[in-house]
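Novice: coords below, sequence missing:
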């Protein structure tokens, strides 16, 4: 079916909005804030139907991988490295996950990976361009 494999690909960080306000709001430590600023994160997504492997490659070789199935509870890890459980939902082609202190959505729009995280009214938007 059309759109099933919409997320699969490799995406490189292109730009973001509201980074500082957001990471302060979620209480990220300042060393992590500096590390993440304009960080050329490469996000690699493998989608197989409702099963996803979502890997973020950080400069310097650190990676974070979250594996989940839409509609089923999964063990996840936050930006700050905290472990938690979440159920990822799919609505209108967007993936939606409730992290401990923010809501995260991801969608493919115009060939780009657009991720939006919202915490108490602060909206952080990250755009990544497809490189593979």
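Specialist: Done, it's in. A quick note: this is a predicted structure, and the numbers were derived from the prediction, not measured. Numbers count the residues shown, from 1 in each chain.
Novice: Show me which positions of the helix or strand containing residue 128 end up buried.
Specialist: Secondary structure assignment for residue 128, by DSSP states H and E: strand 122-130. Buried residues in strand 122-130, counted by 16 or more other C-beta atoms under 10 Å: 122, 124, 125, 126, 127, 128. (Each C-beta comes from the backbone N, C-alpha and C, glycine too.)
Novice: Now the residue nearest the centre of the chain: which helix or strand?
Specialist: Of all residues in the chain, the one closest to the mean position by C-alpha atoms, centre = their mean is residue 115, 5.8 Å from it. In the assignment (DSSP H and E), residue 115 maps to strand 112-119.
Novice: Just checking: what are the partner strands of that strand?
Specialist: Strand 112-119 has the following strand partners under DSSP bridges: strand 102-109 (antiparallel), strand 122-130 (antiparallel).
Novice: Assign a three-state SS to residue 71, would you?
Specialist: Recorded secondary structure, residue 71: coil (DSSP: H, G, I helix; E, B strand; the rest coil).
Novice: what pLDDT does the closest residue to residue 56 other than its chain neighbours get?
Specialist: Nearest residue to residue 56 in three dimensions, chain neighbours excluded: residue 64, at 4.8 Å (C-beta to C-beta, 6 or more residues apart in numbering). Per-residue pLDDT puts residue 64 at 89.
Novice: who touches residue 64 in this structure?
Specialist: Taking C-beta atoms under 8 Å, 6 or more residues apart in numbering as the criterion, residue 64 is in contact with 55, 56, 58, 77, 81.
Novice: Would you mind measuring from it to residue 92?
Specialist: Using C-beta to C-beta, to the nearest Å, residue 64 is found at 26 Å from residue 92.
Novice: likewise residue 61?
Specialist: Residue 61 is 36 Å from residue 92, by C-beta to C-beta.
Novice: Also residue 59?
Specialist: Residue 59 is 33 Å from residue 92, by C-beta to C-beta.
Novice: Who has more neighbours out of those two?
Specialist: Counted by other C-beta atoms under 10 Å, residue 59 and residue 92 do not tie: residue 59 has more neighbours, with 11 against 7.
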